[in-house]
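[1] Kindly return the folded structure for what I paste below:
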Amino acid sequence: MAGKKSTEIFIPSTLVGHLFRFLREPPDNLYPFPINDKSPSDAETRELLENGILDKTGNLANDPQKLLAIMGKARSMARFKFLAEGDLMEYRVFFGKNTGASASLRQNAKGFLLDSPAPSRELLEAITDFSGSGMSGVVPPLGEMPISVALCALSAADLTRRELLLALGSDSPWKPSGLTPEKILTLLKRDDLNSGWLLWLLKTVLWHELSADQRSVDTAFADLSRMGFLEKRNGEYVPGNQLLVLCRRMMILNFFYRIDAVRLAGNGDAIRQAFTVVQNGNRDILYLEATETTVFMTGLSGRALMSLLENYLTNPEAIPAREPLTEGKSASSCSKCGKPLETDAGFCKFCGASQRKDDEKPRFCSGCGANLKPEKSFCSKCGKPVS
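    As a prediction, this is how the structure comes out:
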């Protein structure tokens, strides 16, 4: 069977603000271009004609009309960012409502390149050279933890990575200088990249800004010590085994992947999901995803990473539906009595209330059998991707 005919157009960046005027229907929330209130000048109208965006009657030509209609009425969109060897690439794919049509958007120094159908599979084949296709993930599953604890864990990782790099550069044995809540709090208050790569990457996927204070850092230290991330020796904290494994695997970061995805629900509400992936020169991969209250971290194999990216860049239903939070309750609180829930709990151990909606089918990890939350892309227990 012959493949679908590909359509490709180029639009100069100086003209995109005028495109909405020529659409047959007003665009919805996922429309990617700005809206210019001013009418195009004669020179701009001429340029639109010369670039084949308008036809001789002053209306959008067929190809631009087709592509912009998909973007203007898209039901879901995924934005993919890829940083490798100092070069940043951004690619967006839009999925039309009930049509199966897709369109992609890329930008260069002069303007925007639009394609339909979106060439996502060609893109994935190209980046496989960077990610590899290995089946083993060597970074251990770090699991799910509260945001404040995850921020402190990655702050400790970045401080330890710096010490390891300095020891490596000076050809001297590494001696941990000790991790204190004061050092972590100082790092958390920095907003630039000097705060540390892992901490900065986590901050980029948080749903909202979280301010750190001494009490929350002290509490996080106690939690990390119980989890084995930190160990107390001679009255001070030093990296535990799990933290050292993470630091050694992620000492030098070479590649960065990020997905921001949005799907419009039937009532028009936007369901959002964001995650980021970092990779070192040995192709060891760390996955980070945040919800409203927690952060999930795990290692990935190259094959699992490519499967994940393929799902989001080719499947309009990739984003799982999320139940809205009840005011005053967190995602980890019982919907009946309000007491805290264990990770992936199907029932509250205090009052016995089920935590599933009536129309929610239970899901279980095919690797370890743990209960899976609806919004999870990975098992919180063993780190296996959810198929």
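
[2] how about the helices of the stretch 251-387 of the chain, start to end?
    Under the criterion DSSP state H, counting those that start in this stretch, helices of the stretch 251-387 of the chain are mapped to 302-314.

[3] hey, where'd the strands end up in it?
    Using DSSP state E, counting those that start in this stretch, the strands of the stretch 251-387 of the chain run over 253-264, 270-280, 285-290, 294-300, 363-364, 371-372.

[4] Next, format those as TSV and append mean pLDDT, distance to residue 98 and mean neighbour count.
    C-beta: built from backbone N, CA, C; applies to glycine. Shown next, in TSV, are those (pLDDT from 0 to 100; distance: least, CB to CB, whole Å; neighbours: other CB atoms under 10 Å):
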stretch	mean pLDDT	distance to residue 98	mean neighbour count
strand 253-264	90	12	19
strand 270-280	89	17	18
strand 285-290	92	29	24
strand 294-300	90	32	23
strand 363-364	66	26	14
strand 371-372	70	28	20
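
[5] want to try JSON lines for those strands, with distance to residue 184 as columns?
    What follows is the strands of the stretch 251-387 of the chain, written out as JSON lines (distance: least, CB to CB, whole Å):
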{"stretch": "strand 253-264", "distance to residue 184": "20"}
{"stretch": "strand 270-280", "distance to residue 184": "20"}
{"stretch": "strand 285-290", "distance to residue 184": "18"}
{"stretch": "strand 294-300", "distance to residue 184": "16"}
{"stretch": "strand 363-364", "distance to residue 184": "36"}
{"stretch": "strand 371-372", "distance to residue 184": "32"}
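
[6] looking at it, residue 279 is touching residue 255, isn't it?
    Yes. Residue 279 is within contact range of residue 255, at 4.2 Å (criterion: CB atoms under 8 Å).

[7] if I look at these two, which residues touch both of them?
    130-131 (CB atoms under 8 Å, 6 or more residues apart in numbering).

[8] sorry, back to before: which of the strands of the stretch 251-387 of the chain sits closest to residue 162?
    Smallest distance to residue 162 across the strands of the stretch 251-387 of the chain (CB to CB): 13.0 Å, for strand 253-264.

[9] Quick check: buried residues in the host helix or strand of residue 68?
    Using DSSP states H and E, the element containing residue 68 is helix 62-72. For helix 62-72, a neighbour-count test (16 or more other CB atoms under 10 Å) marks 64-72 as buried.

[10] one step back: so which of the strands of the stretch 251-387 of the chain gets nearest residue 212?
    strand 294-300 (14.1 Å).

[11] So which elements touch the closest one?
    Under the contact criterion of 3 or more CB pairs under 8 Å, 6 or more residues apart in numbering; DSSP states H and E, strand 294-300 touches strand 143-146, helix 147-170, strand 285-290.

[12] would you turn the ones you listed into TSV with distance to residue 230?
    Output for these, formatted as TSV (distance: least, CB to CB, whole Å):
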stretch	distance to residue 230
strand 143-146	13
helix 147-170	7
strand 285-290	19
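
[13] Pick the most deeply packed of the ones you listed.
    Ranked by mean neighbour count under mean count of other CB atoms under 10 Å, the helices and strands packed on strand 294-300 are led by strand 285-290, which reaches a mean of 24.

[14] Show me what that one pairs with in its sheet, parallel or antiparallel.
    Strand 285-290 pairs in its sheet with strand 270-280 (antiparallel), strand 294-300 (antiparallel), by DSSP bridges.

[15] What are the contacting residues of the first one?
    Spelled out, it's strand 270-280. Residues contacting strand 270-280 (CB under 8 Å, 6+ apart): 29, 130-131, 197-198, 201-202, 204-205, 249-265, 285-290, 300, 305, 319-322, 375, 377.

[16] make it 6 Å
    201, 205, 250, 252-263, 265, 285-289, 319, 322 (CB atoms under 6 Å, 6 or more residues apart in numbering).

[17] now the angle from that strand to strand 253-264?
    Interaxial angle, strand 270-280 versus strand 253-264 (axes from the mean of the first three to the mean of the last three CA atoms, to 10 degrees): 170 degrees.

[18] worst-scoring helix or strand of this protein, pLDDT-wise?
    Counting by mean pLDDT, DSSP states H and E, the chain has its least confident helix or strand at strand 363-364, which shows a mean of 66.

[19] mind putting the buried residues of helix 62-72 in CSV, pLDDT and distance to residue 237 included?
    As requested, the buried residues of helix 62-72 are exported to CSV (pLDDT from 0 to 100; distance: CB to CB, whole Å):
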residue, pLDDT, distance to residue 237
64, 94, 59
65, 94, 62
66, 93, 59
67, 95, 55
68, 95, 56
69, 93, 57
70, 94, 53
71, 95, 50
72, 92, 54
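
[20] Looking at these, which one is closest to residue 242?
    residue 71 (43.8 Å).

[21] Just confirm the closest one contacts residue 93, I think it does.
    No. The pair residue 71 and residue 93 does not pass the contact test of CB atoms under 6 Å, sitting 10.0 Å apart.

[22] Name the residues linked to the residue nearest to the spatial centre of the chain by a beta bridge.
    Centroid check for the chain by CA atoms, centre = their mean gives residue 275 as the closest residue, at 1.9 Å. Per DSSP bridges, the residues bridged to residue 275 are residue 259, residue 289.

[23] Relative to residue 207, how far out is it?
    Look at residue 275 and residue 207: by CB to CB, to the nearest Å, they are 12 Å apart.
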